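[1] next one to model:
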Amino acid sequence: MDVDKKNGGGLALKMKKKERYNEENPHERGLFIPLIQNETKEERANRILEMMEQSNDRLSRVLEIFNRMSR
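    Model (predicted):
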């Protein structure tokens, strides 16, 4: 009897999650890079490009440190 109650509660929780995801348009939410309201696609692309350049710079510095350590 207890098992049925637990399973029923889990099912209701899963259904609520599905309803919540169905309400959102998957193209409107950013998975890794948050969306900013009223931002054009070009502005978003420029912002992403800038973030990638900054990340590349940080990785280059880390690699430089490891190269110095291995010498």
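
[2] mind listing the helices for the protein?
    Applying DSSP state H to the chain gives helices spanning 2-23, 41-70.

[3] which of the ones you listed comes out lowest on mean pLDDT?
    Lowest mean pLDDT within these: helix 2-23, a mean of 59.

[4] contacts only, for residue 68.
    Neighbouring residues of residue 68 by CB atoms under 8 Å, 6 or more residues apart in numbering: there are none. Quick note: C-beta positions are derived from backbone N, CA and C, even for glycine.

[5] if I look at it, how far off is residue 56?
    Per CB to CB, to the nearest Å, residue 68 is found 19 Å from residue 56.

[6] what's the neighbour count on residue 47?
    13 (other CB atoms under 10 Å).

[7] how close does residue 33 sit to residue 61?
    From residue 33 to residue 61 the distance is 22 Å (CB to CB).

[8] now residue 34
    Residue 34 is 25 Å from residue 61, by CB to CB.

[9] ok, residue 69 next?
    In terms of CB to CB, residue 69 sits 13 Å off from residue 61.

[10] do the same with residue 49
    Using CB to CB, residue 49 is found at 19 Å from residue 61.

[11] CA atoms of stretch 51-64 as PDB?
    Presented in PDB, the C-alpha positions along stretch 51-64 are these (Å, rounded to 0.1, in the frame of the first residue of the first chain):
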ATOM      1  CA  MET A  51      32.600  35.400 -23.900                       C
ATOM      2  CA  MET A  52      34.300  32.800 -26.100                       C
ATOM      3  CA  GLU A  53      37.300  35.100 -26.600                       C
ATOM      4  CA  GLN A  54      37.600  35.700 -22.900                       C
ATOM      5  CA  SER A  55      37.400  32.000 -22.200                       C
ATOM      6  CA  ASN A  56      40.100  31.400 -24.800                       C
ATOM      7  CA  ASP A  57      42.400  33.900 -23.100                       C
ATOM      8  CA  ARG A  58      41.900  32.300 -19.700                       C
ATOM      9  CA  LEU A  59      42.600  28.900 -21.100                       C
ATOM     10  CA  SER A  60      45.700  30.200 -22.900                       C
ATOM     11  CA  ARG A  61      47.000  31.600 -19.600                       C
ATOM     12  CA  VAL A  62      46.400  28.300 -17.800                       C
ATOM     13  CA  LEU A  63      48.100  26.300 -20.600                       C
ATOM     14  CA  GLU A  64      51.100  28.700 -20.400                       C
END
